[in-house]
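*Asks:* predicted structure and sequence below. I'll ask about it afterward.
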Amino acid sequence: MPSLSPKESSNTAVRYLALLIAFTLATVALISGLSWLYASSTSGYWPGYSDMMGDWPSPLAWLRWVVGDISEVAFYKHEFASLGLLLGGALGYWASRYAKTWQGFSISYGTGLWPWLVTSSLLGLALSNALWGWTLTAQTWQPTFAAFVSLPAAMVLMFGGGWKVTLNGAILGALLVTPSCLLIVNFVCLPLELTVVVGNVLGMALGSAVAFGVCRLVPALVRSQVEQHVAKPEAVPPPDYGMVWTMRRVLADFSEAPFFGNEWASLGMLAGVLLAYALNPFSPAYGSGLLLHLVAAQALTSLLGVIIWRGQWQKRGWYPTYVPLVSVVPASVLTFGGSATVMVASALLGALIAPPLACAIAQRLPTYMHPYIGNVLSMAMSTLLIVPVIGWLTV
């Protein structure tokens with residue numbers, strides 16, 4: 001490896017120092033803000049999920065619900081995890097521009113579109129809650145989070161940045177994805193006693209497919225020449241796919257569902273949710289008390305997937321090993337508990353079935369649709385297949 005010149009070494013040191021300072025300041029700001037919120041709480045501990053729903057529909061409960069939606073795709077549903085995800089994502093994006101040595105997996109696949117992507121996702125989330133928040137009650141959960149991890153981000157990645165794509169992605173996400181999820185969850189999953197995960201991801205697939213069809217028919221919604229604006233990932237040398245890469249990849253999988261796919265974003269989310277658990281074990285993960293079991297099983301399924309499908313990672317450069325982490329595994333753990341049988345069986349079966357199924361479906365989609373639709377369809381199909389098997393194993 002060629003040695004760095006004194007100037008390059010100096011620039012590297014300055015960037016490293018700037019990264020440390022930025023991370024320290026952000027961490028101090030986050031801790032200070034959370035401490036203030038904690039001190040202002042009327043409870044002797046951070047209010048749990050049941051406390052939030054018991055206060056419904058107070059302004060604070062609404063705020064916690066909406067912010068918690070940002071981390072709901074990982075089944076954490078907590079404002080600390082959400083803030084950590086956004087803070088870590090911002091750090092990952094900063095590093096991708098100014099300290100590439102420390103960026104990890106380049107956020108949002110090296111497209112440079114993270115600011116537009118997260119803006120569209122947040123706008124879609126806010127609009128979804130504004131339009132469909134009336135469906136929520138203290139006793140009734142609803143998938144208001146769906147727009148944050150689906151169509152808005154996919155449209156930015158498909159058609160590029162800019163306010164036209166960003167705003168139209170957010171609007172279409174709120175108008176098509178969220179109601180699709182609401183309909184399937186409430187009129188299919190609940191009557192048939194299916195896990196609501198199936199309704200969430202089928203709604204994302206249905207709403208997104210319709211939206212991409214609309215964009216094909218009305219290209220002015222995105223741009224007149226769509227093909228010229230598709231974002232292309234930056235070229236990077238192939239990694240060695242060794243132990244360090246494997247551990248980093250497992251970590252990055254935790255933030256893959258919102259299209260971040262970056263270790264800093266994942267670390268921020270995990271740090272936030274673990275802080276929430278430390279303050280009150282019944283605050284994250286819907287008050288189940290199963291957060292540690294959930295995180296461990298999610299890490300296991302990603303690790304197994306990365307190891308089993310390492311050849312596909314090497315061949316393709318990217319492979320959807322994150323799919324069971326946000327579908328099969330959390331559905332199994334939250335339904336059947338945190339026993340070793342549930343954790344290991346759901347992690348192994350999810351790693352074996354969900355990623356290749358997602359890849360196979362994505363390859364058969366029309367070119368005008370983002371391949372993430374294949375991932376969410378795989379989530380639905382593998383969950384429908386595996387969760388009953390886990391139930392049979394626990395009998």
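*Replies:* Received the coordinates, thanks.
*Asks:* pull the contacting residues for residue 155.
*Replies:* Contacts for residue 155 (C-beta atoms under 8 Å, 6 or more residues apart in numbering) come out as 120, 165, 168-169, 172, 211, 215, 222, 370. All C-beta spots, glycine's among them, are computed from the backbone N, C-alpha and C.
*Asks:* and those as CSV, adding pLDDT and neighbour count?
*Replies:* Output for the contacts of residue 155, formatted as CSV (pLDDT from 0 to 100; neighbours: other C-beta atoms under 10 Å):
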residue, pLDDT, neighbour count
120, 97, 31
165, 96, 26
168, 97, 23
169, 97, 32
172, 97, 24
211, 97, 26
215, 95, 23
222, 91, 23
370, 96, 23
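*Asks:* inside helices: which ones of these?
*Replies:* Counting by DSSP state H, those place 120, 165, 168-169, 172, 211, 215 in helices.
*Asks:* got the buried residues for stretch 357-375?
*Replies:* 357-359, 361-362, 365, 369-375 (16 or more other C-beta atoms under 10 Å).
*Asks:* which one of the residues you listed is nearest residue 386?
*Replies:* For those, the residue nearest residue 386 by C-beta to C-beta is residue 357; the value is 10.9 Å.
*Asks:* which elements pack onto the host helix or strand of the closest one?
*Replies:* Assessed by DSSP states H and E, residue 357 sits inside helix 340-363. Helix 340-363 makes packing contacts with helix 291-308, helix 310-316, helix 328-336, helix 372-394 when contacts are defined by 3 or more C-beta pairs under 8 Å, 6 or more residues apart in numbering; DSSP states H and E.
*Asks:* rounded mean pLDDT for that helix, please.
*Replies:* Taken as a whole, helix 340-363 has an average pLDDT of 97.
*Asks:* for that helix, what is the distance to the chain centroid?
*Replies:* Remark: helix 340-363 is offset 17 Å from the chain centroid, using C-alpha atoms, centre = their mean, to the nearest Å.
*Asks:* now do the buried residues in it.
*Replies:* Buried residues in helix 340-363, counting neighbours by 16+ other C-beta under 10 Å, are found at 342-343, 345-359, 361-362.
*Asks:* just want the angle from the one helix or strand residue 94 maps to to helix 291-308.
*Replies:* Element membership for residue 94 (DSSP H and E) is helix 79-98. With axes from the mean of the first three to the mean of the last three C-alpha atoms, to 10 degrees as the basis, helix 79-98 and helix 291-308 are set at 40 degrees to each other.
*Asks:* CA atoms only: put helix 79-98 into CSV for me.
*Replies:* Only the C-alpha atoms of helix 79-98 are listed here, as CSV (Å, rounded to 0.1, in the frame of the first residue of the first chain):
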residue,chain,number,x,y,z
GLU,A,79,-38.2,8.0,20.1
PHE,A,80,-34.7,7.4,21.4
ALA,A,81,-34.0,4.8,18.7
SER,A,82,-35.5,7.1,16.1
LEU,A,83,-33.4,10.1,17.1
GLY,A,84,-30.3,7.8,17.2
LEU,A,85,-31.0,6.6,13.7
LEU,A,86,-31.3,10.1,12.3
LEU,A,87,-28.3,11.3,14.1
GLY,A,88,-26.2,8.3,13.1
GLY,A,89,-27.4,8.7,9.5
ALA,A,90,-26.4,12.4,9.5
LEU,A,91,-23.0,11.4,10.8
GLY,A,92,-22.7,8.7,8.2
TYR,A,93,-23.5,11.1,5.4
TRP,A,94,-21.0,13.7,6.7
ALA,A,95,-18.3,11.0,6.8
SER,A,96,-19.2,10.0,3.3
ARG,A,97,-18.4,13.5,2.1
TYR,A,98,-15.5,14.6,4.4
